[in-house]
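Visitor: with the sequence up front, the predicted model follows.
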Amino acid sequence: MDRVAALAALDRRMLEDFSRRTIVRLREALPLRVVLPHLGTFLAQNVEKEIRKDGLVVRRAAEALKSGVAPGPAAAREILEATRQIDREFLRNVDPFPVRIEIPYERIAPLRLERIGRGLDLAYRVLDAWRRGRKLRDTFTREECERRLLGLLELYARETHALSQSVRLPALLAPLQSLLAERLQEIMSEVGERLARDLAAALHRRSGAAATLPPP
């Protein structure tokens, strides 16, 4: 089994489900339904860029495991710099859409660096456990697994909130800018708590990369 690919695939499923559940909740908020047609593709591209960034984290953790030295702050900073190229590609892709984005790195960088550091530690421990033939439920308690996942999702939500505040909507929708940013953070926090709980339970039942998430 390709453990790196398996962990990256698990992360992809988690982030895609996080995005899907968030969009479902946003549709329930009547004033925000007007904005969603403009942001639906943007949100999908945003989660795809975060999946690519997490892929960097997983691969770096695998390299560290192979070398026998746990990844530290220097590795996190290197990945942080590498994520800027992914951001640039993301901005080029959203140019055709009726929104404008300026990434506020002064606010996002500390959040992203912390998320990268936590992700490196978690990926390193998961890959090490799999290498030793251990199941995840024997490596993390369900409570610790939920806490670690929730920490990552909360940092992702905070970074997305900062990014959403920099999105410039068409003039007619501009009055919804503040409402969108604040409601998005509230919804992502609520969804993150449920998702972390669901995923921790699923991983402890299946204890492997084939774990599936229950519906929201």
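Guide: Sure, I can see it.
Visitor: now do the strands in this structure.
Guide: Applying DSSP state E to the chain gives strands spanning 100-101, 167-168.
Visitor: what's the single longest helix in this structure?
Guide: In the chain, assigned by DSSP state H, the helix with the most residues is helix 36-67.
Visitor: where does this protein dip in pLDDT?
Guide: Along the chain, the parts satisfying pLDDT under 70 run over 1, 29-42, 94-101, 165-179, 206-216.
Visitor: please redo it, this time with the cut-off set to 50
Guide: 172, 208-216 (pLDDT under 50).
Visitor: now the helices for it?
Guide: With helices called from DSSP H, the chain shows them at 3-28, 30-33, 36-67, 73-94, 105-131, 142-164, 177-206.
Visitor: phi and psi next, for P71.
Guide: P71 adopts backbone torsions of phi -70, psi 140, taken as degrees, to the nearest 10.
Visitor: how far away is it from L15?
Guide: Using C-beta to C-beta, to the nearest Å, we find P71 at a distance of 20 Å from L15. Every C-beta, even on glycine, is put in place using the N, C-alpha and C of the backbone.
Visitor: what's the answer for E102, then?
Guide: Here the criterion is C-beta to C-beta. By it, E102 lies 23 Å from L15.
Visitor: one more: L120?
Guide: Noted for L120: a distance of 16 Å to L15, by C-beta to C-beta.
Visitor: contacting residues for A157?
Guide: Contacts here follow C-beta atoms under 8 Å, 6 or more residues apart in numbering; on that basis A157 touches Q185, M188, S189, G192.
Visitor: the third one contacts L155, correct?
Guide: By that I understand S189. No. With the criterion set as C-beta atoms under 8 Å, S189 and L155 do not qualify as a contacting pair; they are 11.2 Å apart.
Visitor: so the two - more neighbours on which side?
Guide: Each of S189 and L155 has its neighbours counted (other C-beta atoms under 10 Å); L155 has more, 21 against 15.
Visitor: pull the number of nearby residues for the nearest residue to the more buried one once chain neighbours are set aside.
Guide: In space, L155 comes closest to R115 once its chain neighbours are excluded; the distance is 4.0 Å by C-beta to C-beta, 6 or more residues apart in numbering. Neighbour count of R115, defined by other C-beta under 10 Å: 24.
Visitor: from K135, how far out is R115?
Guide: Going from R115 to K135 by C-beta to C-beta gives 26 Å.
Visitor: correct me if wrong: V191 contacts D17.
Guide: No. At 9.1 Å, V191 does not count as touching D17 under the criterion of C-beta under 8 Å.
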